[in-house]
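# this one's sequence-less:
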């Protein structure tokens, strides 16, 4: 595979269910000037994602949103890219010339969904609007007043609108009030501190359970009692350990047997995930993101010689503030975590902090930071792709997602 970074960013509907993922891409052998070359980035992304990595591995059954430059639209798409798999994003600098419009019309007739990316409306762009199935507006670039005017203008065309670069809960609420249909950004990874001034009792109970599980002095009997509190916990753990992931020669029929075969630490991790999944007032993607971070931290940590459980916990708990709508320092004050993990989560300090910083940079497509923090290109990319697959499989088998 050619040297590249590739990640995904979720796109939500108004119910905060995942509608699709935009693919974030950069060729790793480019300098800052070169990797803004849309022609090169688009062609390499398509070749790597479709032919070598595979779209299902990246986005599952969701559509992949892919940026297309003018030349790529006119010259045609790889035949492997089926209409139901992708949403084609027309970049903001593409002008509505006759050749381009004819190519878009052909794509639309072939069943492809057309989106206008980073769109700023003026009358010259009406022909593009007429072909669009979706229009994306950059919240940060437009600003609140210009954004409001654009929404008012474009609503008259009766085309779904997507708010992109929605980075805070406040941004999300404002865009939802304006009538956007879809939302893109990492707002779901930020706590809603206004709502979180009074911690719901269910969150308090969950934090107490997490604290007990993280206690290094906890004995297996108490852990088994915690598992027994919810009849589905034992079932889900046993279903997962008896899946093809482990391929044991005989069926594991009890938590005691599972602990003997795979270790108490692994059972503690799985129970932690199951308890975090009980927070049901947050989008499921937030827990999935936590799992991806945890697995990627674990994989990269092993390569660097860090204890796998500490690295995994660091990634898993990195979104606890968003899950509980509390400042992270408040949440961590109630958990018996090591100073190393606390320093990593709060200040990005130490080896685990640097590891988490690398994972978060990769997740958000901050490729410059990724190159600064990683020893080589292939390792974080491979760890990310494996983590996405692992989290998807775990969510289906352990969580029933």
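Perfect, thanks for sending it. Note that this is a predicted model, so its numbers are computed, not measured. Numbers count the residues shown, from 1 in each chain.
# Can you list the buried residues in stretch 176-193?
Within stretch 176-193, the residues that count as buried by 16 or more other CB atoms under 10 Å are 178, 180-192. C-beta here means a position set from N, CA and C on the backbone, and glycine is covered the same way.
# Which of those fall within strands?
Counted as lying in strands by DSSP state E, out of these, are 182-184.
# Can I get those residues in JSON lines including pLDDT and distance to residue 146?
Converted to JSON lines, these look like this (pLDDT from 0 to 100; distance: CB to CB, whole Å):
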{"residue": "182", "pLDDT": "98", "distance to residue 146": "19"}
{"residue": "183", "pLDDT": "98", "distance to residue 146": "18"}
{"residue": "184", "pLDDT": "97", "distance to residue 146": "18"}
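# Roughly how far does the residue nearest the centre of the chain sit from residue 92?
Closest to where the C-alpha atoms of the chain average out (CA atoms, centre = their mean) is residue 289, at 4.9 Å. Residue 289 sits 27 Å away from residue 92 when distances are taken as CB to CB, to the nearest Å.
# Please apply the same query to residue 170.
From residue 170 to residue 92 the distance is 25 Å (CB to CB).
# how about the buried residues of stretch 176-193, which pair is most distant?
Within these, 181 and 191 form the most distant pair, 24.9 Å apart (CB to CB).
# tell me the least confident of the buried residues of stretch 176-193?
pLDDT across these is lowest for residue 192, at 83.
# Who are the contact partners of the closest residue to that one other than its chain neighbours?
Distances taken as CB to CB, 6 or more residues apart in numbering place residue 169 nearest to residue 192, at 4.4 Å, with adjacent residues excluded. Contacts for residue 169 (CB atoms under 8 Å, 6 or more residues apart in numbering) come out as 187, 190-192, 194.
# Residue 219 - how many residues pack around it?
Look at residue 219: counted by other CB atoms under 10 Å, it has 10 neighbours.
# Can you check what pLDDT the model gives it?
For residue 219, the model assigns a pLDDT of 85.
# residues touching it, list them.
By CB under 8 Å, 6+ apart, the contact list for residue 219 is empty.
# go on, residue 253?
Residue 253 touches residue 238, counting by CB under 8 Å, 6+ apart.
# sorry, back to before: the residue nearest to the centre of the chain should be in a helix, yeah?
Yes: using DSSP: H, G, I helix; E, B strand; the rest coil, the assignment for residue 289 is a helix.
# Distance check, it against residue 188.
Taking CB to CB as the measure, residue 289 falls 8 Å from residue 188.
# Show me where the stretch 101-250 of the chain has its strands.
Taking DSSP state E, counting those that start in this stretch as the criterion, the stretch 101-250 of the chain contains strands spanning 113-116, 134-138, 161-164, 182-184.
# Quickly compare those and say which is most buried.
Across those, the average number of neighbours (mean count of other CB atoms under 10 Å) peaks for strand 161-164, which reaches a mean of 25.
# Please enumerate residues in contact with that strand?
11, 115, 117-118, 134-139, 151, 154-155, 171, 175, 178-185.
# now that strand, how far from the chain's geometric center?
Its chain's C-alpha centre and that of strand 161-164 lie 17 Å apart, by CA atoms, centre = their mean, to the nearest Å.
# can you check stretch 73-88 too?
23 Å.
# That one - what's its average pLDDT?
Here the average pLDDT along stretch 73-88 is 82.
# buried sites along it?
Buried, per 16+ other CB under 10 Å, within stretch 73-88: 73, 77, 81, 85-88.
# from the residues you listed, which is closest to residue 342?
Using CB to CB, the buried residues of stretch 73-88 come closest to residue 342 at residue 87, 40.9 Å.
# which residues in the stretch 301-401 of the chain form helices?
Counting by DSSP state H, counting those that start in this stretch, the stretch 301-401 of the chain has helices at residues 308-316, 320-324, 328-332, 339-347, 350-364, 367-373, 378-397.
# Of the ones you listed, which is nearest residue 145?
Closest to residue 145 of the helices of the stretch 301-401 of the chain is helix 350-364 (CB to CB; 27.0 Å).
# hang on, the earlier thing: which of the buried residues of stretch 73-88 are the two that sit furthest away from each other?
Greatest spacing in the buried residues of stretch 73-88, by CB to CB: 73 and 85 (16.9 Å).
# Just want to check the distance between residue 84 and residue 62.
11 Å.
# Helix or strand, whichever it is, which one in the protein has the lowest mean pLDDT?
Least confident helix or strand, the chain: helix 38-46 with a mean of 60, by mean pLDDT, DSSP states H and E.
# Tell me the helix or strand right after that helix.
helix 55-59 (DSSP states H and E).
# what residues go with each domain of the chain?
What automatic domain parsing lists as the domains of the chain is 4-189, 195-397.
# and the residue located most distally from the centre of the chain, what are its phi and psi?
Here the centre of the chain is the reference, and by CA atoms, centre = their mean the most remote residue is residue 98, at 37.5 Å. In terms of degrees, to the nearest 10, the main-chain angles of residue 98 are phi -60, psi -40.
# Give me the distance between it and residue 307.
Taking CB to CB, one finds residue 98 at 62 Å from residue 307.
# Would you check that residue 17 makes contact with residue 182?
No: if you go by CB atoms under 8 Å, residue 17 and residue 182 don't touch, sitting 10.5 Å apart.
# Quickly list what's touching both of the two.
Common neighbours of residue 17 and residue 182, counting by CB under 8 Å, 6+ apart, are absent.
# Low-confidence ranges, the stretch 101-250 of the chain, go.
Applying pLDDT under 70 to the stretch 101-250 of the chain flags residues 194-201.
# Now do the helices in it.
Using DSSP H, counting those that start in this stretch, helices in the stretch 101-250 of the chain cover 126-131, 139-155, 169-178, 201-214, 220-228, 231-241.
# I'd like to know which of the ones you listed is closest to residue 349.
helix 201-214 (19.9 Å).
# Report the angle between the closest one and helix 308-316.
Here helix 201-214 runs at an angle of 160 degrees relative to helix 308-316 (axes from the mean of the first three to the mean of the last three CA atoms, to 10 degrees).
# buried residues in helix 201-214?
By 16+ other CB under 10 Å, the buried positions in helix 201-214 come out as 203, 206-207, 209-210, 213-214.
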